[in-house]
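Participant: this one's sequence-less:
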């Protein structure tokens, strides 16, 4: 993408670490306006994530085998892992949210890993995407909290175990932390993915200098390894925080 | 090198300025609608595929497998129990056979002993009978022999007396021979 956008620039060190995140129409010219319905690289890579998930979970489990095939086994491991996480962290009554949490987890996981393919586009590096995911969790949790507990959900902010004089202050702090949740939730994921990809691109820029290119290539390899870890961990963190928030909504008492 | 780096920095700044007003594609608000729209589409598809098709199917497979494993374990336990029972039965049969064999051996021994005793007794009786018979025969023979000897003696005496010119009556000879042969 960098070479497309800046092909005319030659010689010297050219750093365009953020160009890989540019949203552009898949068909037509690079500069064309992006409407909400335009098919862009975002559409492509999200569609690939959807296809990968369908391939793994629908076609992988097609045989419904008692002795699973390799693909079915991977799907079952992810299912069991997520199911256990929801059950352990959010509680048994949160199991009915399992498909919802599983969908978020699988989308983030597959988007993160597909974004690590060379020349790909990391959809989860965009704050617009992670903010929607985080807001979806925030709204779900808040609505579930009020539907399940009514006004009792506000007990989440009223720390009954603290001295009475401290409670209003703690309530303000709790309230602020509650509303900061979607912000931290989304920026943690988007920031991690964006930073990793940008750092790889910076080292790739250094690789143009012959003297330090071995070091640069080694660094890219190392950072890529780290990013493989980050991609999984960040998806996991997003999901487990969703479970924690859901537990707060179902059982608001401290 | 220094100038190159400087150039690079300038280029980077230039590129960033070119990419968008804020420099970060993430903050290019004109693309937000597009991303959000496609994200929602993707999430809705994933949610329906997972919740309607994939997750129930996997849950079914896992439950079925659990059931199969439980059944197999129960069957294995049952078979093990049967094996233990079979071994017990085998041991019992073996012990029964042993005692039966022992009994048969004892019976046979007793029977043989009885037969043997009977045969012994019969043989003894026969032997006794034979002995008695033999003794009787011997006695008869002996008696016969004594009589014959007396007769020969009488005849001899008669002949001798006749040859010497004496005549003796039979009674005297007989009594004389009897007296001699006695003892």
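Facilitator: Looks like it arrived, so ask away. Predicted model only: the values in this text are computed from it and were never measured.

Participant: Does whichever strand or helix holds residue B:83 reach chain A?
Facilitator: Per DSSP states H and E, residue B:83 falls inside helix B:55-164. Yes: remark: helix B:55-164 sits within contact range of chain A at B:55, B:57-62, B:64-65, B:68, by Cβ under 8 Å from any Cβ of the partner chain. C-beta here means a position set from N, CA and C on the backbone, and glycine is covered the same way.

Participant: pLDDT value on residue B:7, please?
Facilitator: As summarised for this prediction, residue B:7 has a pLDDT of 45.

Participant: same question, residue A:48
Facilitator: In this prediction residue A:48 is given a pLDDT of 96.

Participant: Next, count neighbours for it.
Facilitator: 18 (other Cβ atoms under 10 Å in any protein chain shown).

Participant: I believe it is in a strand; please confirm or correct that.
Facilitator: No: with DSSP: H, G, I helix; E, B strand; the rest coil as the criterion, residue A:48 is located in helix rather than a strand.

Participant: Quick check: which element contains the residue nearest to it when sequence neighbours are not counted?
Facilitator: When the adjacent residues along the chain are set aside, residue A:48 lies closest to residue A:114, with 5.6 Å between them (Cβ to Cβ, 6 or more residues apart in numbering or on different chains). If you go by DSSP H and E, residue A:114 is part of helix A:98-115.

Participant: could you check the angle helix B:55-164 makes with that helix?
Facilitator: 100 degrees (axes from the mean of the first three to the mean of the last three Cα atoms, to 10 degrees).

Participant: Show me what helix A:98-115 is packed up against.
Facilitator: In terms of contact count using 3 or more Cβ pairs under 8 Å, 6 or more residues apart in numbering or on different chains; DSSP states H and E, helix A:98-115 is assigned the packing partners helix A:41-54, helix A:70-85, helix A:127-149, helix A:167-206, helix A:213-250, helix B:32-48, helix B:55-164.

Participant: helices and strands around the helix holding residue B:83, which ones?
Facilitator: Contacting helix B:55-164 under the criterion 3+ Cβ pairs under 8 Å, 6+ apart are the following elements: helix A:70-85, helix A:98-115, helix B:170-181.

Participant: Of all the ones you listed, which one comes closest to residue A:40?
Facilitator: Between residue A:40 and the helices and strands packed on helix B:55-164, the shortest gap by Cβ to Cβ is with helix A:98-115, which sits at 14.6 Å.

Participant: any weak-confidence spans in the stretch 1-150 of chain A?
Facilitator: Along the stretch 1-150 of chain A, the model assigns pLDDT under 70 to residues A:1-14.

Participant: Just the buried ones from the residues of helix B:55-164 next to chain A, in PyMOL syntax?
Facilitator: Command for PyMOL that selects the buried part of the residues of helix B:55-164 next to chain A, burial taken from 16 or more other Cβ atoms under 10 Å in any protein chain shown:
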select buried, chain B and resi 55+57+58+61
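
Participant: now, which of the residues of helix B:55-164 next to chain A sits nearest residue B:28?
Facilitator: Nearest member of those to residue B:28, counting by Cβ to Cβ, is residue B:55, at 36.1 Å.

Participant: okay, now the residue nearest to that closest one when sequence neighbours are not counted: neighbour count?
Facilitator: Once flanking residues are discounted, residue B:55 sits nearest to residue A:99: 5.6 Å by Cβ to Cβ, 6+ apart. Residue A:99: 20 surrounding residues under other Cβ under 10 Å.

Participant: cool, and residue A:252?
Facilitator: 18.

Participant: Next: residue A:249.
Facilitator: What residue A:249 shows, counting by other Cβ under 10 Å, is a neighbour count of 23.

Participant: Since that was my last question, I'll sign off now.
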